[in-house]
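Engineer: What follows is a predicted structure for the sequence shown.
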Amino acid sequence: MNGSGKPETDEGAGRERIFLVIVDNSEEMKVALHFACRRAKSTGGRVALLYVQDQADFQHWMAVAEIMREEQREAAEELLQALSAEVHDWSGKMPILYIREGVFREALVQLLDEEPSISILVLAAGVGRGGPGPIIDQIISKRAASLHLPVTIVPGSLDDAEIIAIT
């Protein structure tokens, strides 16, 4: 309570929750996406999508590297546009889109530093025998202490009906 007898307000209370989903080609990414969309819809939040493309490393073939970079960018934009329609259907809002180039961990940490509005990172655990998945491995083993936001990990085997039931 402040001096006037009124409760103090939380500075972030009026802020829209942003649920960040990392876009890759894994099966479980769609589970994380649908979960984030449902949570965003139920809390009045919004979904953000991050796609990190590898840096082409062809120093003596600069023209080839530039063509590869452009092709990767176009593919990323097409994928994000397709996912945007899905996000809109599930959450009722268009997502925020981020395309970064470089090493995944560094790109993620840089984005989180630049965008304090991102509230929650949503990941889905891998469904195969290889463990929880490379993104979760990287975040938990090397960057967990440097992340200043909650990380939600959902089972990658959930289907749409199960996601609806828990959100």
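Structural biologist: On my side now, so go ahead.
Engineer: What about residue 108, how many residues nearby?
Structural biologist: 24 (other CB atoms under 10 Å). Just so you know, the C-beta spots here come from the backbone N, C-alpha and C atoms, and that holds for glycine as well.
Engineer: Check the secondary structure at residue 128 for me.
Structural biologist: Three-state assignment for residue 128 (DSSP: H, G, I helix; E, B strand; the rest coil): coil.
Engineer: For it, give its distance to residue 33.
Structural biologist: 19 Å (CB to CB, to the nearest Å).
Engineer: what about the two, which has more around it?
Structural biologist: Applying other CB under 10 Å to residue 128 and residue 33 shows that residue 33 carries more neighbours, namely 25 against 10.
Engineer: so what's the more buried one up against?
Structural biologist: 21, 47, 49, 83, 86, 87, 90 (CB atoms under 8 Å, 6 or more residues apart in numbering).
Engineer: And it, how close does it get to residue 126?
Structural biologist: 15 Å.
Engineer: can you pull out the helices in this protein?
Structural biologist: 27-43, 62-91, 104-114, 134-138, 160-166 (DSSP state H).
Engineer: Let's have these in a markdown table, adding distance to residue 148 and mean pLDDT.
Structural biologist: Shown next, in a markdown table, are those (distance: least, CB to CB, whole Å; pLDDT from 0 to 100):
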| stretch | distance to residue 148 | mean pLDDT |
| --- | --- | --- |
| helix 27-43 | 19 | 96 |
| helix 62-91 | 24 | 90 |
| helix 104-114 | 7 | 89 |
| helix 134-138 | 17 | 71 |
| helix 160-166 | 26 | 95 |
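Engineer: Comparing those, which comes out most buried?
Structural biologist: helix 27-43 (a mean of 22; mean count of other CB atoms under 10 Å).
Engineer: residue closest to the middle of this structure?
Structural biologist: residue 21 (1.9 Å; CA atoms, centre = their mean).
Engineer: Show me the beta-bridge partners of that one.
Structural biologist: For residue 21, the beta-bridge partners under DSSP bridges are residue 49, residue 122.
Engineer: Could you export the helices of the chain as JSON lines, including distance to residue 15?
Structural biologist: Below are the helices of the chain laid out as JSON lines (distance: least, CB to CB, whole Å):
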{"stretch": "helix 27-43", "distance to residue 15": "11"}
{"stretch": "helix 62-91", "distance to residue 15": "17"}
{"stretch": "helix 104-114", "distance to residue 15": "15"}
{"stretch": "helix 134-138", "distance to residue 15": "26"}
{"stretch": "helix 160-166", "distance to residue 15": "24"}
